[in-house]
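J.: make a model of this:
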Amino acid sequence: MTSSQPVATPNALNFTPDNKNAYTYGGFITATTANTEYTMLEFNTNSEYINGFIDFCKQNLNQDDNDTMLIYFNDIQVYQVEQESSERHYVGETRLLIPPFTKVTITVRSTGNSMIFACKVIGSAIGMTDTGYQ
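T.: Below is the predicted model:
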């Protein structure tokens, strides 16, 4: 059987048909203005916990630029990772437990104006009703 759910709904946490896993993909963001914070992903959890990974990916088109990726829970910064200009390409993974009823915002800020970023969240959904769907 297949699911009628879309592969990904932008700015929404998507669930597998059995409600055991959650995912969202932010697509690519191009930073065109220096020192401006760009939102890569924003979504809300419901009654579930998400035990997951947040993956960041960047391509630095100018090696003199630094960037900062930030994670907010209910508009409170809970995590930050900074990359120096020497890292032209970067893929990093952060493991987080996302609580229920939480607004999650993942942003990026660069000192330059020629950066390309992407972000995704993948994890186990804990506390969801088991649908019995396989």
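
J.: quick one: strands adjacent to the lowest-mean-pLDDT helix or strand in the chain?
T.: Confidence across the helices and strands of the chain bottoms out at strand 89-98, with a mean of 82, counting by mean pLDDT, DSSP states H and E. Strand 89-98 pairs in its sheet with strand 49-60 (antiparallel), by DSSP bridges.

J.: what's the following helix or strand after the partner strand?
T.: Going down the chain from strand 49-60, the next helix or strand is strand 67-73, by DSSP states H and E.

J.: and T129, what pLDDT?
T.: In this prediction, T129 carries a pLDDT score of 68.

J.: actually L61, sorry about that
T.: On the pLDDT scale, L61 gets 65.

J.: got it, and K58?
T.: Residue-level pLDDT assigned to K58 equals 78.

J.: beta partners for it?
T.: Beta-bridge partners, per DSSP bridges, of K58: Y90, F117.

J.: coming back round to it: so what's the gap between the least confident helix or strand of the chain and the chain middle?
T.: 8 Å (CA atoms, centre = their mean, to the nearest Å).

J.: going forward can the numbers begin at 12, since that is how I track them
T.: In the new count, where the first residue is 12, that last one comes out as strand 100-109.

J.: buried ones in the helix or strand that it is followed by?
T.: As assigned by DSSP H and E, the chain's next helix or strand after strand 100-109 is strand 114-121. Across strand 114-121, burial judged by 16 or more other CB atoms under 10 Å covers V115, T116, I117, T118, V119, R120, S121. (Each C-beta comes from the backbone N, C-alpha and C, glycine too.)

J.: if anything else comes up later, I'll come back, but that's it for now.
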